[in-house]
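Visitor: Test case, fold it:
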Amino acid sequence: MSGKNIVALTDKNFAKEVLESPVPVVVDFTANWCGPCKALAPLLEKVADAHAGKVKVGKLDVDDNQATAGEYKVFSIPTLVLFKGGKIVDQSVGLVSQDKIEKMIAKAL
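Guide: Okay, here's the model as predicted:
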């Protein structure tokens, strides 16, 4: 976990941090051993910094938080899921570009 604008998500805080968030939330379903997840991390940090206050970016480790990963049917990582008002607005699976992440976020703003 890194980046001052990245929120650490868990099974316990997911509802409060994501579903009840007043701003859209990009959730990165990730794992420490996942190479593409590590490649995605700096892009998410840039997006989190650029949209601080308007969009929340959080990381959820699927190994440590299997209940939430299972609830959202995350079978491949990295998976990005964009939530707004507690509902899924968009999602993508696999390593994506910063431009793709920005386009996802634009749908919620």
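Visitor: didn't residue 24 look like it was pressed against residue 57?
Guide: No: with contact defined as CB atoms under 8 Å, residue 24 does not reach residue 57; the gap is 9.8 Å. C-betas here are computed from N, CA, C, even on glycine.
Visitor: Could you list the low-confidence segments of the protein?
Guide: 1-2 (pLDDT under 70).
Visitor: for it, which helix is longest?
Guide: Secondary structure assigned by DSSP state H gives helix 35-50 as the longest helix of the chain.
Visitor: List the contacts of the residue nearest the centre of the chain.
Guide: Most central in the chain under CA atoms, centre = their mean is residue 27, positioned 1.6 Å from the mean C-alpha point. Counting by CB atoms under 8 Å, 6 or more residues apart in numbering, residue 27 touches 9, 18, 58, 59, 60, 80, 81, 82, 83.
Visitor: Using PDB, write down the CA coordinates of stretch 40-54.
Guide: Extracted as PDB, the C-alpha positions of stretch 40-54 are listed here (Å, rounded to 0.1, in the frame of the first residue of the first chain):
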ATOM      1  CA  LEU A  40      -1.000  -0.500 -12.100                       C
ATOM      2  CA  ALA A  41      -0.100   1.000  -8.700                       C
ATOM      3  CA  PRO A  42       1.800   4.100  -9.900                       C
ATOM      4  CA  LEU A  43      -1.000   4.900 -12.300                       C
ATOM      5  CA  LEU A  44      -3.600   4.700  -9.600                       C
ATOM      6  CA  GLU A  45      -1.400   7.000  -7.400                       C
ATOM      7  CA  LYS A  46      -1.300   9.600 -10.100                       C
ATOM      8  CA  VAL A  47      -5.100   9.400 -10.600                       C
ATOM      9  CA  ALA A  48      -5.700   9.500  -6.800                       C
ATOM     10  CA  ASP A  49      -3.500  12.600  -6.500                       C
ATOM     11  CA  ALA A  50      -5.100  14.300  -9.500                       C
ATOM     12  CA  HIS A  51      -8.600  13.800  -8.300                       C
ATOM     13  CA  ALA A  52      -8.100  14.100  -4.500                       C
ATOM     14  CA  GLY A  53     -11.300  15.300  -2.900                       C
ATOM     15  CA  LYS A  54     -13.400  14.500  -5.900                       C
END
